[in-house]
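Undergrad: When you get a sec, could you give me coordinates for this:
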Amino acid sequence: MKLRIAHLYPDLLNLYGDRGNLLALQRRCQWRQIECDIIPLSLGDAFMADQYDLVFIGGGQDHEQDLLHDDLVKAKAPLIRQAVSDGLVFLCVCGGFQMMGQYYEDQNGHRISGIGALDHWTTARSDRLIGDLICSSDVLAEQGRDPILVGFENHSGRTWLGPAVRPLGTVVRGRGNNGQDQTEGAIFNNVYCTYAHGSFLPKNPEMTDMLIEKALKRRYSSFEKLAKIDNIFENNAREYILSCK
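TA: From the prediction side, this is the model:
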């Protein structure tokens, strides 16, 4: 059994330790004797959805996002939209979250088109939303998993969700998507988006395992669920954030 992960633009999108999300996915597979391959895809590389079980898009600064915009929106976007419709599993963090939406409007009012795979949009502000982020996720609770997600946010964009998009969680501490409606992240089909860096998945093992399970169930009809493993170090990191005032 093997999990195949496509990492979009690893040379351009890797803010605040976002690569740690891939390490968490890979290690939690390997600890269960599941092979895990990470396939880097950058400018000019073909996006072949049937070759992947999970796609990761990290965060980047405006300059890096400008560099990849044409390749992403003109070349890869139609294929990504189809993959989303087909149920391919995605994890998109910060800039990756923003780019999956309809558009990003900069501080001058200029709109930069996104992939359009999800019905959300982002407007830039001069002030940033920075700090520890804690939210409660209904989608994890519905599966009998620990619903608390923790991370670190640092973004100037304010993201708003359309009616077809469900938030990943409700903010308990921090600012979330826009600092106003208590939403954090987004879910549509098997796409999961968040503003949480730091890295996100190493401190949220239940979320990591949910992504792995969804991806493997799409690929292997005989797969049921992951074996339990000890999360003592992950939980220690979570407890530290939860205990900070």
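
Undergrad: from here on, contacts and neighbour counts on C-alpha atoms
TA: Noted.

Undergrad: Tell me which residues touch residue 73, please.
TA: 113-115 (C-alpha atoms under 8 Å, 6 or more residues apart in numbering).

Undergrad: so which of these is the most crowded?
TA: Sorting those by how many neighbours each has (other C-alpha atoms under 10 Å) puts residue 114 first, at 24 neighbours.

Undergrad: I'd assumed residue 101 was in contact with it.
TA: Yes - when contacts are counted by C-alpha atoms under 8 Å, residue 114 is listed as touching residue 101 (5.4 Å).

Undergrad: What are the boundaries of the helices in the protein?
TA: For the chain, helices defined by DSSP state H occupy the ranges 20-30, 62-70, 77-86, 95-99, 138-142, 205-219, 232-243.

Undergrad: quick one on the thing from earlier: where strands are concerned, which of the contacts of residue 73 count?
TA: residue 113 (DSSP state E).

Undergrad: got the angle between the longest strand belonging to the chain and helix 232-243?
TA: Assignment by DSSP E gives strand 120-136 as the longest strand of the chain. Note on geometry: by axes from the mean of the first three to the mean of the last three C-alpha atoms, to 10 degrees, strand 120-136 and helix 232-243 are set 100 degrees apart in direction.

Undergrad: Turn the contacts of residue 73 into TSV, columns for pLDDT.
TA: Listed next are the contacts of residue 73 as TSV, based on pLDDT from 0 to 100:
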residue	pLDDT
113	92
114	94
115	95
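
Undergrad: Reformat the contacts of residue 73 as TSV; add distance to residue 71.
TA: Shown next, in TSV, are the contacts of residue 73 (distance: C-alpha to C-alpha, whole Å):
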residue	distance to residue 71
113	12
114	12
115	11
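
Undergrad: Closest one to residue 43 out of the contacts of residue 73, please.
TA: residue 115 (15.4 Å; C-alpha to C-alpha).

Undergrad: Quick check: the closest one touching residue 70?
TA: No - with contacts counted by C-alpha under 8 Å, residue 115 stays clear of residue 70, the gap being 10.5 Å.

Undergrad: closest one to residue 176 among the helices of the chain?
TA: Using C-alpha to C-alpha, the nearest of the helices of the chain to residue 176 is helix 95-99, at 12.4 Å.

Undergrad: in that closest one, what counts as buried?
TA: Residues of helix 95-99 classed as buried under the neighbour-count rule (16 or more other C-alpha atoms under 10 Å) are 95-99.

Undergrad: Quickly compare the helices of the chain and say which is most buried.
TA: helix 95-99 (a mean of 26; mean count of other C-alpha atoms under 10 Å).

Undergrad: Quick check: which helices or strands does that one pack against?
TA: Applying 3 or more C-alpha pairs under 8 Å, 6 or more residues apart in numbering; DSSP states H and E, one finds that helix 95-99 contacts strand 191-194.
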